[in-house]
Each structure stands twice: as structure tokens, then as C-alpha cells.
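Asker: 3D model of this:
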Amino acid sequence: MSKLICAEFDEFEEALYGVQGHYLLRSRQQRDWRLRVVDLNGVALMLGREGAGTLYSGVGLPEFFNIFLPVSGRETTVVDGQRFDHRRIGWMVPDVMFHIDASRPATWLTVAMSCDLVLRWAGIHEDEFDFSILARNLVGVAQMDVTPLVWLAHRLFHIDEHSPEDLHNPVAEHAARTELMDMVFHTLLPLDVSNPTVRHCLDHRRILREALELLASLEEAPVYLEDLCAATHASERTVRTVFNRYLGMSPHRYLMLYRLHAIRSAIRRAQPGETITSICARYGVWDFGRLARQYMSYFGELPSQALASRPR
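Answerer: Numbers count the residues shown, from 1 in each chain. Predicted coordinates for the structure are as follows:
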């Protein structure tokens with residue numbers, strides 16, 4: 001079993017299995033970040049404990065389908081605009097962006113399943129499998145209580161930690177993998193396609209994707225709300241609606257957080273002779289006192305302290 005305790009979110013972010021993305025902290029870090037992974041050779045079980053309120057934007061890796069289930073903080077977790085409760089479960093497909101908004105530090109469970117194994121399961125159970133889910137992300141109402149799935153996960157974590165030789169031989173891994181996938185799909189399927197929680201607004205998704213692509217492409221240049229509107233061919237009101245629904249905050253606040261995280265990354269990779277003033281100037285910062293207060297409130301140190309202590 002892989003077991004990781006991180007002081008900061010960067011290492012935690014890089015260790016996630018089956019997905020690739022980035023965190024924005026919604027609040028100051030309150031605890032360390034913890035990650036446990038059990039790899040069953042094609043199916044991986046992951047239990048994550050986040051250290052702050054977060055916004056995670058990511059995509060499923062090309063080889064994996066993923067399910068997502070908050071273990072704590074369900075009522076404060078929103079995935080792609082859909083608020084969770086004790087009955088909901090998230091499904092993420094390869095190469096499609098998703099957004100997880102947790103206003104408080106949360107603990108969650110994911111299962112990453114290889115495409116080959118998912119397609120094999122679908123072929124064996126074609127009479128009960130909904131093939132439409134292979135092409136879209138969704139948040140749906142679980143068809144059975146999620147508690148058995150959570151208990152199965154905890155059993156696997158326990159055995160993997162205390163007697164891994166019992167679990168990690170080809171026969172045992174195959175049995176555990178099969179039981180886990182059966183539990184996942186029997187919890188997820190059949191889908192209630194008439195339920196509005198599984199409907200998707202394609203235009204809103206396009207607007208959000210193009211707005212985030214603009215931010216990624218401009219790197220160090222400052223970005224404003226009017227730039228997002230121009231890039232997405234959408235009105236300010238529409239852009240505001242999309243950001244509030246999918247990211248849980250206004251475009252203005254998201255741009256502020258995005259800039260803070262970008263400046264933090266730039267400070268960490270600063271070259272000798274670079275100063276906070278020269279770094280921040282690239283991002284359009286003019287009120288350095290305000291920036292310092294914001295930086296301290298999210299990262300627990302001043303930009304000057306971060307520059308002095310950066311990894312060399």
C-alpha cells in the first residue's frame with residue numbers, strides 16, 4: 001500500500017492516481033494532507049484526506065474510469081455543479097474535465113478502473129450496463145446504499161496494511177478486483193436518466209473549458225473577466241453563472257485565487273536575483289500590501305518569506 005502524509009498540497013496533488021489536475025485552496029490549510037492507495041493491478045482504491053477547503057479541476061487519465069465518493073463533508077462538496085448527499089456518487093470518464101468544489105476540508109474515496117477492465121465488465125453484464133456512461137461524466141443517485149462499498153474499501157485498506165501477502169498474489173488480487181468492480185457498478189447502475197442531476201449543459205461546459213484554457217495558455221499574463229467573456233463568446237452574466245455553478249465562486253474570486261497560486265509557483269521556481277516585485281509585476285499586481293495579506297491568509301507566510309525559504 002502507498003501511504004503518504006504531505007505538509008502541503010503540491011505533493012498530494014502529484015500523487016493522485018487515475019486523474020491529473022490542480023488544486024486551488026479555498027481556505028487556509030488546517031491539517032496535513034493524507035493519501036492511501038491500494039493497487040490491485042488495473043483497479044486502484046484511493047482514500048484522500050484534504051488539508052483545506054479546495055477547488056480541484058482535473059481530467060481522468062486516458063486509461064482510467066473513476067468513481068468519486070465523499071466520505072466526510074458530503075453536504076459541502078459539489079461536483080460539476082451537483083451538490084452531494086449520502087446517496088450520490090460521481091463518475092468520471094477519460095479525457096473529460098471535472099471540477100470538485102469542497103468548501104471545507106474533506107475526506108473522499110475513489111476507485112480508478114482501467115478501460116480494459118471496465119469494457120470487459122460491461123460486455124459480461126451488457127443486459128444491465130448503460131453504455132452511455134462511457135462517454136460522459138455524471139453525478140447520479142446511487143441505486144443502493146453506499147455503505148457496503150465504503151466498508152469493502154476499508155477492509156481492503158486494512159488487509160493491505162497488515163497482511164499484504166494475503167492480498168497481493170494473482171488469484172487474490174483478481175478476486176478482490178472483481179468484488180470491488182461488482183460493488184461499484186451495482187451501486188452506480190441502473191441510472192435514472194430522467195433525473196435532472198444527470199443532465200448536462202453542454203454550452204456551459206464549453207464556456208468553462210474555454211475560460212480555463214485561456215488561463216492556462218496565457219501563463220504569467222494578467223487575466224480579467226472581460227478576457228474570459230471575449231474568449232468564450234459569452235456575456236458577463238453567463239460567465240458568472242457558469243463559474244458559480246461549477247466552481248462555487250465568482251469569476252473575480254477565482255481569478256484572484258488563480259493568480260495567488262500562480263505567484264506561489266513562480267516564487268518557488270524563482271531564479272537568483274528575482275524579487276517579489278519583479279515576479280508580481282508579471283501578474284499585474286499593483287497593491288503589494290493587499291497581495292501580502294491575501295498570500296498570508298491562504299498559505300500561512302508572506303511572499304518574502306516564501307522567496308527566502310524556497311527550494312534551491
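Asker: pLDDT weak spots in the stretch 201-312 of the chain?
Answerer: For the stretch 201-312 of the chain, residues meeting the criterion pLDDT under 70 lie at 201, 311-312.
Asker: rerun at 80
Answerer: Where the stretch 201-312 of the chain drops to pLDDT under 80, the residues are 201-202, 219-221, 286, 310-312.
Asker: so where do the helices sit in it?
Answerer: Along the stretch 201-312 of the chain, the stretches classed as helices by DSSP state H, counting those that start in this stretch are 202-218, 225-232, 236-247, 251-268, 276-281, 288-299, 303-308.
Asker: which elements pack onto the first one?
Answerer: It stands for helix 202-218. Judged by 3 or more C-beta pairs under 8 Å, 6 or more residues apart in numbering; DSSP states H and E, the packing partners of helix 202-218 are strand 97-102, helix 225-232, helix 236-247. C-beta here means a position set from N, CA and C on the backbone, and glycine is covered the same way.
Asker: any idea which of these is most buried?
Answerer: Each of the helices and strands packed on helix 202-218 was assessed for mean neighbour count using mean count of other C-beta atoms under 10 Å. The highest is strand 97-102, with a mean of 23.
Asker: what pLDDT, on average, does stretch 177-187 get?
Answerer: If you average the pLDDT over stretch 177-187, you get 94.
Asker: local confidence estimate at the closest residue in space to residue 168 that isn't next to it in sequence?
Answerer: Using C-beta to C-beta, 6 or more residues apart in numbering and skipping residues adjacent in sequence, the residue nearest residue 168 is residue 160, 7.7 Å away. Residue 160 carries a pLDDT value of 94.
Asker: coming back round to it: any chance of the helices and strands packed on helix 202-218 in JSON lines, with distance to residue 288 too?
Answerer: Listed next are the helices and strands packed on helix 202-218 as JSON lines, based on distance: least, C-beta to C-beta, whole Å:
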{"stretch": "strand 97-102", "distance to residue 288": "29"}
{"stretch": "helix 225-232", "distance to residue 288": "22"}
{"stretch": "helix 236-247", "distance to residue 288": "27"}
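Asker: burial check on residue 301, number of neighbours?
Answerer: For residue 301, the count of nearby residues is 15 (other C-beta atoms under 10 Å).
Asker: give the contact list for it.
Answerer: Residues in contact with residue 301, defined by C-beta atoms under 8 Å, 6 or more residues apart in numbering, are 295, 309.
Asker: and it, what are its phi and psi?
Answerer: Main-chain torsions, residue 301, degrees, to the nearest 10: phi -160, psi 160.
Asker: point me to the residue sitting closest to the centre of this protein.
Answerer: By C-alpha atoms, centre = their mean, the mean C-alpha position of the chain lies nearest to residue 56, the distance being 3.8 Å.
Asker: residues in contact with the helix or strand that contains it?
Answerer: Secondary structure here is read from DSSP states H and E; on that basis residue 56 sits in strand 54-60. Where contact means C-beta under 8 Å, 6+ apart, the residues beyond strand 54-60 that reach it are 9, 16, 18-26, 66, 92-102, 105-106, 212, 247-249, 254, 257.
Asker: and after it, which helix or strand comes next?
Answerer: The first helix or strand that comes after strand 54-60 along the chain, using DSSP H and E, is strand 64-72.
Asker: any buried residues in that next one, and which?
Answerer: By 16 or more other C-beta atoms under 10 Å, the buried positions in strand 64-72 come out as 64-71.
Asker: and for residue 189, the neighbour number?
Answerer: One way to gauge burial is a neighbour count; for residue 189, by other C-beta under 10 Å, it gives 17.
Asker: wait, I meant residue 260
Answerer: By other C-beta under 10 Å, the residues close to residue 260 number 21.
Asker: which residues touch it?
Answerer: Shown in contact with residue 260 (C-beta under 8 Å, 6+ apart): 291, 294-295, 298-299.
Asker: what ranges do the helices span in the stretch 1-150 of the chain?
Answerer: 9-15, 115-124, 147-162.
Asker: rewinding a little: skipping adjacent residues, who's closest to the residue nearest to the centre of the chain in space?
Answerer: residue 100 is the one closest to residue 56 (C-beta to C-beta, 6+ apart), at 4.5 Å.
Asker: need the contact list for that neighbour.
Answerer: Counting by C-beta under 8 Å, 6+ apart, the residues that residue 100 touches are 54-56, 58, 68, 77-79, 90.
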